[in-house]
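1. show me how the following folds:
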Amino acid sequence: MHETDANLLTRFASHRDEAAFGELAARYLGLIYHVALRRTGDRQMAGEISQNVLCAVARKAASLARHPDRLPAWLHRATLYESSKAMRSEASHQRRKQLVHPDAIPSTADPGPGAWSDALPLLDLALDRLPDADRRVVLGHYLEGKSFTRIGAEVSRPAATVQKQCRRALDKLARILRGKGVALSAAALASGLATQTAKAAPPALLKSAAAKALSGAASHSTTSLTLFMAMKSKATLPVAILVLLSPLAMQQLAITRASAHNDRLRETLATRDPSAHNPTPARLQRNVGTQQRRITIDILRRAQEEAGRSILKEIEFQEMVGSLTPEELEGLIPRVFTQPGPWDGRNELLRALVTALAETDPGLAVRIACSADPRQPVISNAGGIEDAIFRWATAEPGQAVAWLEELRRNPLAGSNSSAFTDYEGAVAAPLILSESPLARDVIMRAESTYPGYVIRAAISQSARIFGREASVDSKVDAFAKFLPWIREFIPEERSQSRMGLEQRDVIHGYFFHYERSALDNPVPGRIMETVELLPAERRMIAEGHTGRMLDALYNTGSKPDRTKVENAVRDWLHTHIPDAAEEIFGQSLSIATTRQERQIELALTHLAARTDREDFRDIDVIQTLGRFDFSDFPEFVPKALEQAERIKDPGKRAEIIHELQPSAR
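-> Just a heads-up that it's a prediction; the model follows:
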C-alpha cells in the first residue's frame, strides 16, 4: 500500500521509524540526486549533496510533517542551496564548464542539438524562479510522474485547471531560460522534462545515503537518534532490501511510461504528416493548415477538450491554433459566440484564437471579437481581448484610441461598465508608460466610471503583460510613471473620494501585482531610494510592504522562522523610514495577526455549519485545518479538535488530532 508522505514524516518525527525514513529516501533520492547532478556536473559531489539534504530532512522532519504537500518543492530548493555551497567550497564552476554534462539527453523537440544540454545546468535555477504554485505542478507532473488528476486532487483544483497552469508554467520557464541565452520552446521543455521522470539514484548511493543521513542528523540533534541508530533488529534486512529495490522498480515503471508516452506522440505526429519522419514544430505549423480536412470550430473545440488531459495534448492544440492563417482566425472567432455550452469553456477557446490573431494584427483581433456579437460589444472575462488591446495601443496608439472613442458611442457598451473600464485601462497603460499625450484624453474621457478606476485598471493590465519576471528597474520606472496620475486623479483618503477609492488602495495594489515573495522583493526599497516621494506616499509604501512581509508568518507553506522575519522587517523599516519604523511595525503586526484570527474563526464557523450536510467530506476538514498553524493561536485549538473528531477515516482523524495537540499544549 502506497503510504503518504504525511504518514511517513509523522512516523519518523514521532517515533524515529527507520523504515519510514528509508521509504522517504527511496521515494525522493532520485529527484534530489539528479537536481544536484544537473547543477554540479559531478556525480561524486551530487552524492554528497544528496546525503546532506537527507540529513536536513531527518533534522526537520517534524516541521516538514506539518505541510507534507510542500515536501518535493522544499527538497528541490534545499538541493539547490546545498549544491551552491558545495560548488563554492570546491571551486567547481570552471571545471563544470569543461565537462559534458552526464545527464545530457538529446530530444527530438530541441531546436538545436545542444539546446537541452545547455539548459540542464540552468534548469533547476529557472524552476526555482517560478511561483511556488507553478513550481509544485511542474515538479509533481514531470519529476515525480504524477498525473494532473492526482495533482488536482492534492490541491483541490480541477485537473484541467492544473494542466493549464502547467502549460503556462512551461511558457514562463522558457522565457526565463531565454533570458539566460538558452532558446527552448514549451514543447521542447515538455519533452526534455519528461525524460527526467525516469531518473533514479544510483543503487549504491541509495543503499548508504539514508543511514549516513540519519547518523549525520543525530550529531546535530538533541533527539534520541543516536540510540535508535545503535539498535539492531531482524527488521534491518528487509528494510535495506526495500530501500534498495524500490527505486529500481520505480525507474523501470517510469521508463516504460515515458517510452509509451513518446510512442503515442510519434504516432500523432506521423498522422499529421506521413511523409515527414521527424517533423519539427515549425513544420507541423505549416502542414496542419494545409491538410485536406479543414480545421473547423468543432475540431478546435474537441482538441481543446482533449488538451485538458495532458500537457502534450495542450501543446498540440496550441500548435493547431498557431497553424491557422489570419483569414481563418478571422472567420473562426465569431463562431465561438454561437457555440453551445457554458461561457467559461468557450472563453478559453476565444482567448486562444484572439491571442493567435493578435500576434500578427492586434487591431483586427480586437475589432473582430468585439463586433462578433452585436448585443455584447464589451465582453466580461475578456478572453485575451484586453491583452490584444494593450498590444494594439502600443503599436498603433492613435487607432486604438479612435476605436475606444467609437466604442464609447455604442449605447450597449455602458451596460458592462466594469469590463469597459478594463478596456480603457488596457489602452491607457502603454500610453502612460510611453508618456504619450493621448493618455490624458483616454483618462479624462472615461465615461464608464471615473479616472481613478481607469488608472488602477492600467496598472493591473501592465503587470499582467510584463509579469513578475520583469526587471527591478522596469518595475521602478513604471511606478514612477504611474505615480503622477495617481496623485492627480485619486484622492489621498477614502472620505474624499466619491467612488470609495484612495491612493493607498492603488499603491498597495501595484506591489501586489508584481510581487512573487514580499520578503525578498527589492522593488519597494528601490522606489523609496530613487523616486521622489511625498511623506504620505513613503508611509503608504512602507505600511503595505511591511504588511505583506509579515503575512509570510501565516502563509500556508512551510512556516518561516518568526524571529528572522520580524528582524528582516524591522531592518527594512529602519533603513527606509527610520522615524516611524517601530510604529509601523507594531501596527502592521497587529493587523496581520487580527486578519489571521478572523480567517481561522470564519473557517471553523463554516466547517461547523456544513457538518450535517450530505456532501460534507473528510477532505473538507483536513484541507481547512491544514491551512492554519494553530501554534500561534491556541485559543482556537479546542474548536479545531472538535471538528477533527468528526473525520470518518480513523487514520486521518488520528493524524490531524496528533498535529493539533502539540498546539494545545
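
2. so how far is stretch 589-599 off the chain centroid?
-> How far stretch 589-599 lies from its chain's middle: 25 Å, per Cα atoms, centre = their mean, to the nearest Å.

3. can you tell me what sits against it?
-> 547, 550-551, 553-554, 566, 628, 632-633, 636 (Cβ atoms under 8 Å, 6 or more residues apart in numbering). All C-beta spots, glycine's among them, are computed from the backbone N, C-alpha and C.

4. could you export the strand or helix carrying Ser63 as CSV, CA atoms only?
-> Here Ser63, judged by DSSP states H and E, is contained in helix 61-64. The C-alpha trace of helix 61-64 is given here as CSV (Å, rounded to 0.1, in the frame of the first residue of the first chain):
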residue,chain,number,x,y,z
ALA,A,61,11.0,16.0,9.8
ALA,A,62,8.7,17.5,12.5
SER,A,63,8.3,20.8,10.7
LEU,A,64,8.0,19.2,7.3
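
5. buried set for the first helix or strand past that helix going along the chain?
-> Per DSSP H and E, the first helix or strand lying C-terminal to helix 61-64 is helix 71-90. Within helix 71-90, the residues scored as buried using 16 or more other Cβ atoms under 10 Å are 71-80, 82-83, 86-87.

6. nearest to Glu406 among these?
-> For those, the closest approach to Glu406 (Cβ to Cβ) belongs to Ala73, at 48.7 Å.

7. out of the buried residues of helix 71-90, who's nearest Arg464?
-> Ala73 (24.6 Å).

8. find the nearest non-adjacent residue to the closest one, please.
-> Arg136 (5.1 Å; Cβ to Cβ, 6 or more residues apart in numbering).

9. on that earlier part again, weed out the non-buried ones from the contacts of stretch 589-599.
-> 547, 550-551, 553-554, 628, 632-633, 636.

10. would you mind giving the contacts of stretch 589-599 as CSV with pLDDT, distance to Leu37 and secondary structure added?
-> Shown next, in CSV, are the contacts of stretch 589-599 (pLDDT from 0 to 100; distance: Cβ to Cβ, whole Å; DSSP: H, G, I helix; E, B strand; the rest coil):
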residue, pLDDT, distance to Leu37, secondary structure
Gly547, 89, 41, helix
Leu550, 88, 38, helix
Asp551, 83, 36, helix
Leu553, 80, 35, helix
Tyr554, 77, 36, helix
Glu566, 90, 38, helix
Phe628, 83, 38, coil
Asp632, 79, 39, helix
Phe633, 85, 43, coil
Phe636, 89, 45, helix
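
11. closest to Arg294 among the residues you listed?
-> Asp551 (52.4 Å).

12. that closest one and Ala518 touch, don't they?
-> Yes: using Cβ atoms under 8 Å, Asp551 makes contact with Ala518 at a distance of 7.1 Å.

13. next one: Ile432 from Arg43, what distance?
-> Going from Ile432 to Arg43 by Cβ to Cβ, to the nearest Å gives 53 Å.

14. those two: which is more packed in?
-> Ile432 (23 against 14; other Cβ atoms under 10 Å).

15. ok, for that one, nearest residue in space, not its chain neighbours?
-> Excluding its sequence neighbours, the residue lying closest to Ile432 (Cβ to Cβ, 6+ apart) is Ala439, at 4.8 Å.

16. what's the answer for Phe479, then?
-> The shortest distance from Phe479 to any non-neighbouring residue, by Cβ to Cβ, 6+ apart, is to Ile527 (5.6 Å).

17. distance from the chain centre to the helix or strand harbouring Thr594, please.
-> Per DSSP H and E, Thr594 falls inside helix 581-610. Here the centre of helix 581-610 is set off from its chain's centre by 25 Å, with Cα atoms, centre = their mean.

18. how about residues contacting whichever helix or strand comes after it?
-> Downstream of helix 581-610, the next assigned helix or strand under DSSP H and E is helix 618-626. With Cβ under 8 Å, 6+ apart as the test, helix 618-626 has contacts from 67, 156, 556, 603-604, 606-607, 610, 640, 643-644, 646-649, 652, 656, 660.

19. out of these, which are buried?
-> Among the contacts of helix 618-626, those buried by neighbour count (16+ other Cβ under 10 Å) are 67, 603-604, 607, 640, 643-644, 647, 652, 656, 660.

20. quick revisit: which of the contacts of stretch 589-599 sits closest to Arg11?
-> Phe628 (23.3 Å).

21. who's in contact with that closest one?
-> Per Cβ under 8 Å, 6+ apart, neighbours of Phe628: 554, 596, 599-600, 603, 636, 640.

22. turn those into JSON lines, including distance to Ala303.
-> As requested, those are exported to JSON lines (distance: Cβ to Cβ, whole Å):
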{"residue": "Tyr554", "distance to Ala303": "43"}
{"residue": "Gln596", "distance to Ala303": "44"}
{"residue": "Gln599", "distance to Ala303": "41"}
{"residue": "Ile600", "distance to Ala303": "44"}
{"residue": "Ala603", "distance to Ala303": "40"}
{"residue": "Phe636", "distance to Ala303": "49"}
{"residue": "Ala640", "distance to Ala303": "46"}
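
23. now, which of the residues you listed sits nearest Phe12?
-> Using Cβ to Cβ, the contacts of Phe628 come closest to Phe12 at Ala640, 24.1 Å.

24. any idea which element that closest one lies in?
-> Going by DSSP H and E, Ala640 is part of helix 637-644.

25. which other helices and strands contact that helix?
-> When contacts are defined as 3 or more Cβ pairs under 8 Å, 6 or more residues apart in numbering; DSSP states H and E, helix 637-644 packs onto helix 581-610, helix 618-626, helix 650-664.

26. out of those helices, deepest packed?
-> Compared across the helices and strands packed on helix 637-644, helix 618-626 shows the largest average neighbour count, a mean of 17 (mean count of other Cβ atoms under 10 Å).

27. now do stretch 131-139: distance to the chain's middle.
-> Distance, stretch centre to chain centre, for stretch 131-139: 5 Å (Cα atoms, centre = their mean).

28. in it, what's buried?
-> 132, 134-139.

29. TSV for those residues, including pLDDT?
-> Formatted as TSV, the buried residues of stretch 131-139 follow (pLDDT from 0 to 100):
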residue	pLDDT
Asp132	75
Asp134	82
Arg135	83
Arg136	83
Val137	86
Val138	86
Leu139	85
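
30. and of those residues, the nearest to Asn7?
-> Nearest to Asn7, judged by Cβ to Cβ, of those is Arg136 at 19.7 Å.

31. that closest one touches Trp74, doesn't it?
-> No: when contacts are counted by Cβ under 8 Å, Arg136 is not listed as touching Trp74 (10.2 Å).
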